[in-house]
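Undergrad: What follows is a predicted structure for the sequence shown.
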Amino acid sequence: MTAKLSVLKPLFRFTLLLMTVFMLSRIGLLLWQQQRLVDGDSIAVLIGGLRIDLSSLGYLSALAVLMLLANVFLRSKTALFQHAFTLYSSLVVTVIVVVEASTPAFINQYDVRPNRLFVEYLDYPQEVFSMLLNGHQLAMISTLIIATLSCVFAYRFINAAFSKQQNTKKASQVVILVTTLIICLISARGTVSHRPLNPALVYFSGDSLVNSLVLNSPYSVAFALKNMGNEKNAISLYGTMPRSDIIDTVKKASYRSQFTIEAIPTLAVNTAFNHKSKKNLVIILEESLGARFVGELGGIGVTPHLDKLYKEGWGFNNLYATGTRSVRGIEAVTTGFIPSPSRSVVKLSKSQHNFFSLADVLARTGYTTQFIYGGESHFDNMKSFFLGNGFRDIVDINDIQSPEFISSWGVSDEDLFNQADKELNELNKAGKPFFSLVFTSSNHDPFDIPEGKVTLPEGHDPQNYKRDLAIKYADYALGKFIAKAKTQDYWQDTVFLVVADHDVRVFGSEPVPLKSFHIPAVILNSDMKAKRDTRLVSQMDLPVTLLSLLGVEQATPMIGYDLTKQYPVERAMMQYYDNFAYVENGEAVILMPNQKVSYWRYDPASKTQVAIDNADSSVELAKKALAHVLFSNLAYTEQLYRLPIKP
C-alpha cells in the first residue's frame with residue numbers, strides 16, 4: 001500500500017475480515033444446501049450476495065472512517081480514536097462471526113437465515129439462557145470460544161495497522177478519508193435508483209431459503225428490525241386497494257349479513273349452535289405439535305392419547321395454523337385475527353387494550369376468565385395482552401404449587417395440568433361459567449422432560465429422538481389430565497378444545513410450504529356428535545366455532561367461520577415471515593414483498609403443492625387475499641377490531 005493510502009490500512013484490514021466471513025459463510029451454506037438449488041442458483045446467490053455484502057460493508061465502515069478522520073486530526077494529542085477504531089472493528093467482526101456461526105442452527109429450525117425471531121427471543125434472556133444451558137451446552141461453549149478467538153485475532157490484526165506512523169500530509173489524508181466515506185455511503189445505498197438496496201432487488205427464487213442465502217445474516221436481521229419499526233410499509237409491499245373495497249371484500253367473504261355498527265365494520269352476530277344453558281370453555285394450547293406427529297393424521301404416531309381423543313370428539317383432519325410462532329397461535333385461537341407480516345397483535349402496542357378477544361366477550365357475558373401457563377407469563381408479552389383484553393386471572397410458574405419438575409421454560413406439563421385441575425375445580429365451585437386457557441411448554445427446545453415417563457421404540461430416528469420423546473411426554477401428560485378431568489364435576493358442562501399453536505418447524509422450497517402449517521385440533525364434550533371433519537379449515541375459525549358451541553350470541557368482529565355450519569368455500573390463511581398465503585377450495589395465492597404473487601394448487605389429502613399459471617379465478621383470489629392482509633393492518637391501525645365500548 002502506497003504511503004498516501006496507508007491511512008486506509010486499518011480500514012482495509014477491517015473490511016477484509018468482514019468480506020472473508022461473509023463469503024466463507026455463504027459458500028459453506030451453498031455447499032450444505034445443494035439439494036435445494038437448481039441450475040444457476042449458486043451464481044445468482046453469489047452475485048446478489050456480493051451486492052448485499054458491499055452494502056453491509058458500506059454501513060459498517062462509515063462510522064469507522066469517521067473515527068479515522070478524528071484520529072488524523074487528534075493523533076498528535078491522543079490515541080483515543082485509534083483505540084476506538086480498533087475496539088469497534090474487532091467487536092463488529094466478532095458479532096458477525098457469531099451470527100454467521102449460529103446461522104446453520106437457525107436454518108435447521110426455521111428454514112431461513114436469522115431474521116426477526118433471532119432478535120425477539122433476546123427480549124427474554126433468562127428463558128433463552130436457561131434453554132441454552134440445559135439443552136445446547138456444546139453450541140454455547142463453541143460459540144463463546146469462537147467469539148473469544150475472533151475478537152482477539154481481529155483486535156491484534158487491525159491494531160497492527162496503526163503500528164507505523166504515517167508520514168503523509170494531514171490534508172492528503174483528509175481528502176482520502178472523505179472520498180472513502182462518500183464511497184462507503186454510496187456502497188451502503190447499493191443502487192443509484194430512487195430506492196436503496198433491499199432484499200427484493202436480489203431475490204430471484206420461489207424458495208425462501210435460497211433467497212435468504214443471498215443475504216448475509218447480520219443484514220437479514222437488520223432488515224427485519226427495520227421492518228419491525230415500520231410494519232405498515234411491510235404490508236404495503238403486497239400492493240394497495242381502496243379502503244371501501246378492502247372492507248367490502250372481507251365482509252362478503254365472511255358470509256355474514258347482520259353487520260351492526262359502521263365504526264366496527266365486521267361486527268356481526270352469529271347464530272349459535274347451542275341453544276341450551278351456557279357451557280364452560282377450556283382451551284388447551286399445545287406447544288409445537290404438528291400433524292406430522294399425530295397417528296390419526298398420518299403422522300409418526302407419538303401421540304396415542306391425542307389419537308384416542310380424535311376418536312371420541314370432533315376431530316379436524318385438515319386444520320391449518322396461521323403462523324410459525326406461539327404468539328401467532330395465541331392470536332388466532334383467542335382473537336380470530338387475520339395473520340399479517342407485522343408482529344402478532346399479542347406484542348403490538350395498539351392492541352394491548354380494547355382489542356377483541358374471546359376472554360373479553362365472555363367476561364361481558366358473565367364468565368370468569370383465566371390464563372394458566374407453566375412458565376413466566378410475561379414471555380412474549382402474553383400477560384400484558386391478556387390482562388388488557390378480558391382475562392381476569394393469570395396463573396403462572398409463581399403460582400404453581402409444589403412442582404416436581406422445572407425445565408428451561410417452566411414446570412412440566414404434568415405439573416401444569418395438576419394445577420389446572422385445581423383451578424378448574426375452584427372455578428366450578430364458584431357457580432359461574434368460566435373460560436380457561438391452558439398453554440403447555442414441555443414440547444419446546446431443548447425438550448427437557450422428567451425421566452422415565454415415556455419411551456420410544458428401539459430404532460427410532462436418533463436425530464429427532466429427544467424432540468419426539470418430548471412430544472410423547474406432552475401427549476402422556478395431556479391424556480392423564482383429560483382422564484382425570486372426566487371424573488371431575490366440571491367436566492359435564494365444559495367444552496374442551498385441544499389444539500396446537502404451530503408445527504415444530506416449517507420446511508419446504510415453496511414461498512409458503514403449506515403442508516408445514518397442518519396441525520391437530522379436537523373439540524371434546526360439546527353437543528356436536530363425535531366425527532372427523534375433513535374440510536380445510538383455519539385456526540382463526542376456532543374461536544367463532546367455540547362461541548357457537550357455548551351458546552354465546554354476542555356480536556363480534558371475527559371473520560372466521562362457524563364450523564358448526566357449512567359454507568360455499570373452504571379456506572385458510574397463513575403468514576410465513578414476509579409471505580402471506582390464502583388458500584381456498586384447492587387453490588392457493590401467495591403474496592410476497594415487492595408485489596410479487598405466485599399461484600398454486602394444493603391438495604390437503606396428499607399435501608402436494610404445485611405451481612400453476614394465473615388463471616382468471618386465481619387473479620380474483622389474489623384480490624381477495626390482498627384485501628384480507630390489508631384489512632389486518634387497517635383493523636389494527638384504526639382500532640376497528642374491538643367490541644363496542646361498554647356503556
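TA: Structure's in. What do you need?

Undergrad: could you measure Met270 against Ala359, distance?
TA: Just so we're on the same page, residue 270 is Asn rather than Met. Separation of Asn270 from Ala359 (CB to CB, to the nearest Å): 18 Å. All C-beta atoms are positioned from the backbone trio N, CA, C, and that covers glycine.

Undergrad: can you check Ala615 too?
TA: Distance from Ala615 to Ala359, by CB to CB: 43 Å.

Undergrad: Going by neighbour count, list what's buried in stretch 258-278.
TA: Going by neighbour count (16 or more other CB atoms under 10 Å), the buried part of stretch 258-278 is Phe259, Ile264, Pro265, Thr266, Leu267, Ala268, Asn270, Ala272, Phe273, Asn274, Lys278.

Undergrad: Inside strands: which ones of those residues?
TA: Secondary structure from DSSP state E places Phe259, Ile264, Pro265, Thr266, Leu267, Ala268 of those in strands.

Undergrad: Just give me the least confident of these.
TA: Per-residue confidence across those is lowest for Phe259, with 85 (pLDDT).

Undergrad: related to what we said a few turns ago, neighbour count: Ala615 and Ala359, which is higher?
TA: Ala359 (25 against 11; other CB atoms under 10 Å).

Undergrad: Quick check: the more buried one touching Phe435?
TA: Yes: counting by CB atoms under 8 Å, Ala359 touches Phe435, with 6.3 Å between them.

Undergrad: Find the residues that touch each one of those two.
TA: Residues touching both Ala359 and Phe435 (CB atoms under 8 Å, 6 or more residues apart in numbering) are Thr369.

Undergrad: residue ranges with poor pLDDT in this structure?
TA: Applying pLDDT under 70 to the chain flags residues 1-4, 76, 122-136, 163-168, 194, 206, 227-235, 647.

Undergrad: which residue is nearest the middle of it?
TA: Centroid check for the chain by CA atoms, centre = their mean gives Arg325 as the closest residue, at 3.8 Å.

Undergrad: quick one, what contacts that one?
TA: Neighbouring residues of Arg325 by CB under 8 Å, 6+ apart: Leu117, Ser344, Asp380, Asp501, His502.

Undergrad: Gly190 contacts Gly48, correct?
TA: No: counting by CB under 8 Å, Gly190 sits too far from Gly48 to count as a contact (10.8 Å).

Undergrad: and Thr191, what does it touch?
TA: Applying CB under 8 Å, 6+ apart, the residues near Thr191 are Leu197, Leu201.

Undergrad: SS state for it?
TA: At Thr191, secondary structure determined by DSSP: H, G, I helix; E, B strand; the rest coil is coil.

Undergrad: Please report the distance of it from Leu5.
TA: Between Thr191 and Leu5 the computed distance is 27 Å (CB to CB).

Undergrad: Also Val454?
TA: 66 Å.

Undergrad: quick one: which of those two has more around it?
TA: Set side by side, Val454 and Leu5 give different neighbour counts by other CB under 10 Å, the larger being at Val454 (19 against 15).

Undergrad: Enumerate every residue touching that one.
TA: Taking CB under 8 Å, 6+ apart, we find Val454 in contact with Leu469, Lys472, Tyr473, Tyr476.

Undergrad: Wait, the third one touches Gly452, no?
TA: This points to Tyr473. No: contact criterion CB under 8 Å: Tyr473 and Gly452 do not qualify, at 10.2 Å.

Undergrad: neighbour count winner among those two?
TA: Using other CB under 10 Å as the criterion, Tyr473 and Gly452 rank with Tyr473 on top: 23 against 6.

Undergrad: Just list the residues touching the more buried one, thanks.
TA: Counted by CB under 8 Å, 6+ apart, Tyr473 has contacts Asp413, Ser442, Asn443, Ile449, Pro450, Lys453, Val454.

Undergrad: would you turn these into CSV with secondary structure?
TA: CSV is the format used below for the contacts of Tyr473 (three-state DSSP):
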residue, secondary structure
Asp413, helix
Ser442, coil
Asn443, coil
Ile449, coil
Pro450, coil
Lys453, coil
Val454, coil
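
Undergrad: Could you dump the residues you listed into JSON lines with distance to Met140 added?
TA: Formatted as JSON lines, the contacts of Tyr473 follow (distance: CB to CB, whole Å):
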{"residue": "Asp413", "distance to Met140": "25"}
{"residue": "Ser442", "distance to Met140": "22"}
{"residue": "Asn443", "distance to Met140": "22"}
{"residue": "Ile449", "distance to Met140": "20"}
{"residue": "Pro450", "distance to Met140": "23"}
{"residue": "Lys453", "distance to Met140": "27"}
{"residue": "Val454", "distance to Met140": "27"}
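
Undergrad: Out of those residues, which comes closest to Gln35?
TA: Asn443 (28.0 Å; CB to CB).

Undergrad: Kindly provide the distance from that closest one to Ser412.
TA: Distance from Asn443 to Ser412, by CB to CB: 11 Å.

Undergrad: Need the residues touching each of these two.
TA: Common neighbours of Asn443 and Ser412 are not found (criterion: CB under 8 Å, 6+ apart).

Undergrad: Check which helices and strands the helix or strand harbouring Ala200 is in contact with.
TA: Remark: Ala200 resides in helix 199-202, with elements defined by DSSP states H and E. Contact analysis of helix 199-202 by 3 or more CB pairs under 8 Å, 6 or more residues apart in numbering; DSSP states H and E lists helix 41-74, helix 208-214 as its packing neighbours.

Undergrad: any idea how far Phe259 is from Met558?
TA: 13 Å.

Undergrad: do Leu550 as well
TA: In terms of CB to CB, Leu550 sits 22 Å off from Phe259.

Undergrad: Repeat that for Phe417.
TA: 41 Å.

Undergrad: With Asp616 instead?
TA: In terms of CB to CB, Asp616 sits 29 Å off from Phe259.

Undergrad: With Ile247 instead?
TA: 10 Å.

Undergrad: which neighbours do those two share?
TA: Joint contacts of Ile247 and Phe259 (CB under 8 Å, 6+ apart) are Pro265, Thr266.

Undergrad: Pretty sure Lys347 sits against Asp380.
TA: Yes: here Lys347 reaches Asp380: they are 6.6 Å apart, a contact under CB under 8 Å.

Undergrad: Can you work out which residues contact both of these two?
TA: Here Lys347 and Asp380 have Val327 as joint contacts, going by CB under 8 Å, 6+ apart.

Undergrad: related to what we said a few turns ago, which among the contacts of Tyr473 count as buried?
TA: When those are checked for burial by 16+ other CB under 10 Å, the buried set is Asp413, Ser442, Asn443, Ile449, Pro450, Lys453, Val454.

Undergrad: so which of the residues you listed comes closest to Phe496?
TA: Nearest to Phe496 among the buried ones among the contacts of Tyr473, with distances taken as CB to CB, is Asp413, at 15.5 Å.

Undergrad: pretty sure that closest one contacts Thr440?
TA: Yes: between Asp413 and Thr440 there is a contact under CB under 8 Å: 5.0 Å.

Undergrad: Would you mind measuring from the residue nearest to Val499 when sequence neighbours are not counted to Ile284?
TA: What sits nearest to Val499 in space, not counting adjacent residues and going by CB to CB, 6 or more residues apart in numbering, is Ala521, at 3.9 Å. Distance from Ala521 to Ile284, counting by CB to CB: 10 Å.

Undergrad: ditto for Arg364
TA: 24 Å.

Undergrad: name the element the residue nearest to Thr303 when sequence neighbours are not counted belongs to?
TA: Among residues not flanking Thr303 along the chain, Asp475 sits closest, at 4.2 Å (CB to CB, 6+ apart). When elements are assigned from DSSP H and E, Asp475 belongs to helix 465-485.
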